[in-house]
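Novice: curious how this folds, go ahead:
(one chain, ligands or ions: 2)
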Amino acid sequence: MDKKPLFKLREVSFGYRQGEPVFSNLSLEIMPGESVCILGANGAGKSTLLKMLAGLVFPFAGGLEAFEEQLTEKRMENDRFAQEYHRRVGFVFQNPDAQLFTTRVWDEIAFGPLQLGLSPEEITTRVEDVIKMLSISSLKDRSPYHLSQGEKKKVAIASVLVMNPQVLILDEPTTGLDPKTQRWLVELILELNHNGRTIITSTHDLNLVHLLADRVLLLSEDHRLVYDGPSQKVLANRRLLASVNLIDEYSHTHDQGQHTHLYVHG
Ligand SMILES: Nc1ncnc2c1ncn2[C@@H]1O[C@H](COP(=O)(O)OP(=O)(O)O)[C@@H](O)[C@H]1O
Ligand SMILES: [Mg+2]
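Specialist: Ligands and ions are numbered 1, 2, ... in the order given. The predicted structure follows:
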């Protein structure tokens, strides 16, 4: 099969401030239909990389391609281009409070479709469908601000899914959620991927990586891509995980004498 990459970064450099690059010469490709997880310690650059793919920040050097076209700040200044891009590439922020801004869940979910200029019937159908899919009909008339963290996350995801995006980017999707909602979300992510969506997630949680994706992009603390491959293989590489500060080397003494154990951060 002759598939073309959906995202292509070629020697990309990016920094929030001049003279302080986060990424230097970062190259990677993501294929359509993949599920990829970006793994790294706090500050490794996970959110920054996701924001770049979502067209929210732009490289100052190198090439960023999405859907076989250059993605630049200049092109994103075109409202039509930006609207279409953000419809195709949905972004779920780590903190749902950053995303919710209306006073009623139904309006929150309907906002995107309204912006697209769909008919009222079409909007209602789409909103009701996604509400059903996420089992949140009891929240419909509530204020997003007064929901639990897990409920807020569901509404934030609903407001992205209602746009029927081709690519779904979720930044640390399960952070702050109870175990049951975590499991629900992991299953939803798998189902969406199974149905053809390209899924890009991030985490620093080693227990989640293999559930979220088959392929891992590992970022070091100095923002370099130090591994790109199967999740099972990186999880078995304790030395590599220790070098990026995802596990701690820890010495203690047994009856048999001095040992070094490797422990996963809690
Ligand atoms: N808005 C910002 N302004 C300036 N520096 C930032 C901003 N966001 C992130 N950074 C810096 O960029 C680096 C990568 O951060 P980030 O992408 O948030 O990492 P992660 O998501 O892996 O925790 C860090 O050094 C962080 O301090
Ligand atoms: Mg982050």
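
Novice: pLDDT of stretch 55-74, averaged?
Specialist: Stretch 55-74 shows a mean pLDDT of 97.

Novice: can you pull the contacts of Glu29?
Specialist: Residues counted as contacts of Glu29 (CB atoms under 8 Å, 6 or more residues apart in numbering) are 5, 7-9. All C-beta spots, glycine's among them, are computed from the backbone N, C-alpha and C.

Novice: so what pairs up with the residue nearest to the spatial centre of the chain in the strands?
Specialist: Nearest to the geometric centre of the chain sits Leu170, at 2.6 Å (CA atoms, centre = their mean). Leu170 has these beta-bridge partners by DSSP bridges: Val92, Thr201.

Novice: correct me, but it touches Thr198?
Specialist: No: at 11.7 Å, Leu170 does not count as touching Thr198 under the criterion of CB atoms under 8 Å.

Novice: quick one, helices of the protein?
Specialist: Assigned by DSSP state H, the chain shows helices spanning 46-53, 73-76, 79-88, 105-115, 120-133, 149-161, 179-194, 209-212, 231-235, 238-243.

Novice: contacts for the second one?
Specialist: Right, the one you point to is helix 73-76. Applying CB under 8 Å, 6+ apart, the contact partners of helix 73-76 are 55, 58, 69, 81-82, 85.

Novice: do the same with the fourth one
Specialist: With CB under 8 Å, 6+ apart as the test, helix 105-115 has contacts from 83, 87, 100-102, 122-123, 126-127, 130-131, 136, 139-144, 147, 155, 158-160, 162-163.

Novice: weed out the non-buried ones from these.
Specialist: By neighbour count, with 16 or more other CB atoms under 10 Å, those hold 87, 100, 102, 123, 126-127, 130-131, 136, 139, 142, 144, 147, 155, 158-160, 162-163 as buried.

Novice: one step back: relative to Arg197, how far out is the residue nearest to the centre of the chain?
Specialist: For Leu170, the distance to Arg197 equals 11 Å [CB to CB, to the nearest Å].

Novice: with Phe14 instead?
Specialist: 26 Å.

Novice: kindly report the same for Gly176.
Specialist: Distance, Gly176 to Arg197, by CB to CB: 23 Å.

Novice: who wins on neighbours among the contacts of helix 73-76?
Specialist: Counting neighbours by other CB atoms under 10 Å, Gly55 comes out on top of the contacts of helix 73-76 with 21 neighbours.

Novice: which residue, other than its chain neighbours, is closest to it?
Specialist: Excluding its sequence neighbours, the residue lying closest to Gly55 (CB to CB, 6 or more residues apart in numbering) is Tyr85, at 5.1 Å.

Novice: test my guess that Arg142 contacts Leu100.
Specialist: No: checked against CB under 8 Å, the pair Arg142 and Leu100 is beyond contact range at 11.4 Å.

Novice: can you tell me which residue of the stretch 1-150 of the chain sits closest to ligand 2?
Specialist: For the stretch 1-150 of the chain, the nearest residue to ligand 2 under the criterion CB to the ion is Ser47, separated by 3.2 Å.

Novice: and the pLDDT for that residue?
Specialist: pLDDT, read off for Ser47, is 98.

Novice: offset the numbering so it begins at 57, please.
Specialist: In the new count, where the first residue is 57, that last one comes out as Ser103.
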